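Asks: could you look at this predicted model? Sequence included:
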Amino acid sequence: MKRLIKIGWYSVSLLTIVIHASSCKKADEPDEVHNENYRIAVNFKDFEQTINPLTPSGRIASGIHKLASTTSPGISAAETTLYFWSFNQQTLMPDVAVGSGSAIIFNQGERTTDYGPGWSYEDYSAGYAISAAGVTDMVFRLPLNGIAALSTLGFDIGSSNTGPKDFSLAYSQDGVNYIPLSANNQFSNTGTAHARHSFTYALADIVFDFSKDLFIKISALEGVRDGAGAYRESTGVIRLDNFRLRGKVGALTGNARKNLHYHVFDEATKALVYAGVYDYAVAALGDFTLSLPAGNYIASFVANESMAALPIPADADALAYHIANTFANHDARIFGVLDTFEVRENRVLDLTLERYYSEVNFEFTDQVDLAGVKTMLIKALHQPTYYAPFNPSFSNRPHDQSVISKQPDFTLHKTIRFNQFLGRVFSPVPLSYAVEVYGADNLLIRTFTVSAEMVNNMQLTFRGALLAPTGTSANFVIRFNENWDGTKTIDF
């Protein structure tokens with residue numbers, strides 16, 4: 001399958017890129033061996049015009065939502081979950097990840113995919129946990145690019161009757177030289193197989209290089225074994241769940257991403273046939289070509305223009321495949337298209353990428369100077385959004401507590417904006433945001449909430465006074481821009 005994207009906002013040149021089978025990830029190939037492959041060229045029509053900013057039209061639909069009253073001053077930006085593994089989908093992919101490239105490595109490269117009953121954590125059900133026999137060490141690789149601070153590391157752990165009852169914990173930033181974080185972590189309940197033991201470690205006082213990866217190594221130890229059987233290193237089972245790293249998100253280093261994600265599935269079995277990511281910040285995409293055997297396929301193409309990777313599963317089948325974006329990655333422009341097609345000969349597919357996001361704007365009508373506003377924090381009060389195009393009953397909602405931090409300059413325009421990822425939706429999605437306004441010395445000036453409903457490819461504007469009198473409420477007017485698929489403005 002081929003995906004074609006015009007990378008420039010304003011460029012109209014087309015370059016042909018042929019993606020060979022060697023550059024694609026092959027997964028779950030059918031048992032039938034096809035002797036002949038066919039060239040499938042995909043032409044993404046008018047993508048350049050699709051991604052250009054559009055000016056609002058005059059069409060207005062009115063609506064009202066009231067402000068909340070001012071809350072106590074002194075509140076600062078809260079930390080968030082940077083990485084989280086629930087293992088509930090029996091996969092080593094994280095549920096939450098601020099960056100791409102994370103991995104779990106067992107016994108210096110021996111990868112296990114065994115799972116057993118897990119433990120619940122916050123909004124996550126007990127589900128599954130890693131349950132691996134003969135594991136002497138487990139290493140989590142965590143990219144730190146885009147992270148400003150680390151606060152805590154935590155996880156739940158247990159073992160079988162003959163498994164380890166203690167472990168050591170160490171960290172590294174090169175994957176070779178490790179520094180002890182906690183030398184001994186003896187289990188308190190050694191007489192009950194797979195008893196839950198929860199551990200949390202403070203990281204705030206450690207100096208990290210956020211341009212490098214962080215490696216966390218858990219090394220199994222025999223430990224005190226009161227009430228347990230003799231330690232069997234090669235067969236004893238260790239169980240681990242709810243691995244999490246918390247801290248604060250910062251700015252990414254390097255250039256913005258322009259990534260094209262392509263996933264091709266067998267239409268009948270829903271198995272993944274090809275998947276890959278093409279970096280069109282490096283080479284322009286004109287024609288994008290894949291070589292496929294005869295068959296019927298369904299495919300998803302997603303273009304990500306942002307400062308962060310999208311948490312898209314690389315090796316999931318169609319029913320588990322989904323697309324999401326962290327709320328903090330608020331400048332992301334994400335486009336996509338789905339297609340079902342048949343391959344019997346060389347052919348061309350003409351597809352049109354559309355916005356998988358909507359634009360949210362705040363227009364402030366204050367007549368006074370807003371120079372005293374130093375920071376604005378925006379928090380999503382609605383559930384994290386995701387898009388599972390091939391499985392309407394998909395329920396493994398991403399866990400995202402990230403926030404948007406703005407340091408506005410209201411000298412020329414009293415506006416702020418961000419993009420809200422929605423995927424391709426046909427029914428309006430209810431959205432709600434809490435806005436915290438801070439002045440000098442991180443002093444909270446005001447907090448208010450706004451709400452609206454919209455689908456993807458719309459412009460939503462909340463319009464009203466930012467610095468309303470303390471303790472009062474006001475109304476927002478909503479406007480939708482029909483120059484996209486719609487515009488909505490709410491006065492407040």
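Replies: Happy to help now that I have it.

Asks: quick check: L349 touching F341?
Replies: Yes. Using CB atoms under 8 Å, L349 is in contact with F341, at 5.9 Å. (Glycine included, C-beta is placed from N, CA and C.)

Asks: a strand runs through R246, doesn't it?
Replies: Yes. Per DSSP: H, G, I helix; E, B strand; the rest coil, R246 lies within a strand segment.

Asks: give the full set of residues in contact with it.
Replies: Neighbour list for R246: 79-82, 150-154 [criterion: CB atoms under 8 Å, 6 or more residues apart in numbering].

Asks: L82 too?
Replies: By CB under 8 Å, 6+ apart, the contact list for L82 reads 96-98, 142, 147, 150, 245-247, 249.

Asks: quick one: which helix or strand includes it?
Replies: In this assignment (DSSP states H and E), L82 forms part of strand 80-85.

Asks: chain center to that strand, what's the gap?
Replies: Computed by CA atoms, centre = their mean, to the nearest Å, the chain-centroid distance of strand 80-85 equals 10 Å.

Asks: what is the rounded mean pLDDT of that strand?
Replies: Mean pLDDT, computed over strand 80-85, is 90.

Asks: which residues of the protein fall in helices?
Replies: In the chain, the helices defined using DSSP state H lie at 47-51.

Asks: where in it is pLDDT low?
Replies: Within the chain, the ranges that satisfy pLDDT under 70 run 1-35, 46-78, 99-101, 109-113, 250-256, 280-288, 469-489, 491-492.

Asks: quick check: domain ranges of it?
Replies: The record's domain parsing of the chain by automatic domain parsing lists 16-54+255-355, 65-76+357-491, 80-249.

Asks: show me how far the last one is from its chain's centre.
Replies: So that's domain 80-249. Using CA atoms, centre = their mean, the offset of domain 80-249 from its chain centre is 21 Å.

Asks: cool, and the shortest one?
Replies: When C-alpha coordinates are averaged (CA atoms, centre = their mean), domain 16-54+255-355 and its chain have centres 18 Å apart.

Asks: burial count for E122?
Replies: Residues near E122, counting by other CB atoms under 10 Å, number 11.

Asks: distance of it relative to L381?
Replies: As for E122, its distance to L381 is 17 Å (criterion: CB to CB, to the nearest Å).

Asks: what's the answer for A97, then?
Replies: Distance from A97 to L381, by CB to CB: 23 Å.

Asks: for W119, same thing?
Replies: Here W119 is placed at a distance of 28 Å from L381 (CB to CB).

Asks: more neighbours: the two, which one.
Replies: Legend: neighbour count by other CB under 10 Å for W119 and L381, higher for W119 (21 against 12).

Asks: report the contact partners of the more buried one.
Replies: Residues near W119 by CB under 8 Å, 6+ apart: 126, 129, 156, 196, 241-242.

Asks: just the buried ones from those?
Replies: Among the contacts of W119, those classed as buried by 16 or more other CB atoms under 10 Å are 129, 156, 196, 241-242.

Asks: so where do the strands sit in the stretch 351-492 of the chain?
Replies: With DSSP state E, counting those that start in this stretch as the criterion, the stretch 351-492 of the chain has strands at 354-355, 357-364, 375-380, 386-387, 404-406, 415-421, 429-438, 444-454, 459-464, 475-481, 486-491.

Asks: so which elements touch the third one?
Replies: With contacts defined as 3 or more CB pairs under 8 Å, 6 or more residues apart in numbering; DSSP states H and E, the secondary structure elements packing on strand 375-380 are strand 404-406, strand 429-438.

Asks: export those strands to TSV and tack on distance to T136?
Replies: Below are the helices and strands packed on strand 375-380 laid out as TSV (distance: least, CB to CB, whole Å):
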stretch	distance to T136
strand 404-406	42
strand 429-438	46
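
Asks: nearest to T269, of the ones you listed?
Replies: Closest to T269 of the helices and strands packed on strand 375-380, according to CB to CB: strand 429-438, at 31.1 Å.

Asks: which residue is the nearest non-sequential neighbour of A202?
Replies: Nearest residue to A202, sequence neighbours excluded (CB to CB, 6 or more residues apart in numbering): T152, at 6.1 Å.

Asks: is it true that the one you found touches F199?
Replies: No. Applying CB under 8 Å, one finds T152 not in contact with F199, separated by 10.4 Å.

Asks: what comes up buried for stretch 338-350?
Replies: 339, 341, 343, 349.

Asks: show me those that map onto strands.
Replies: Among these, DSSP state E puts 339, 341, 343, 349 in strands.

Asks: possible to save these as CSV with distance to L260?
Replies: Shown next, in CSV, are those (distance: CB to CB, whole Å):
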residue, distance to L260
D339, 14
F341, 18
V343, 20
L349, 15
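
Asks: E436 bridge partners, please.
Replies: Assessed by DSSP bridges, E436 has beta-bridge partners L377, T447.

Asks: list the contacts of it.
Replies: E436 sits in contact with 75, 376-379, 444, 446-447, where contact means CB under 8 Å, 6+ apart.

Asks: got a winner among these for most neighbours?
Replies: For those, the largest neighbour count, defined by other CB under 10 Å, is 23 neighbours, found at R446.
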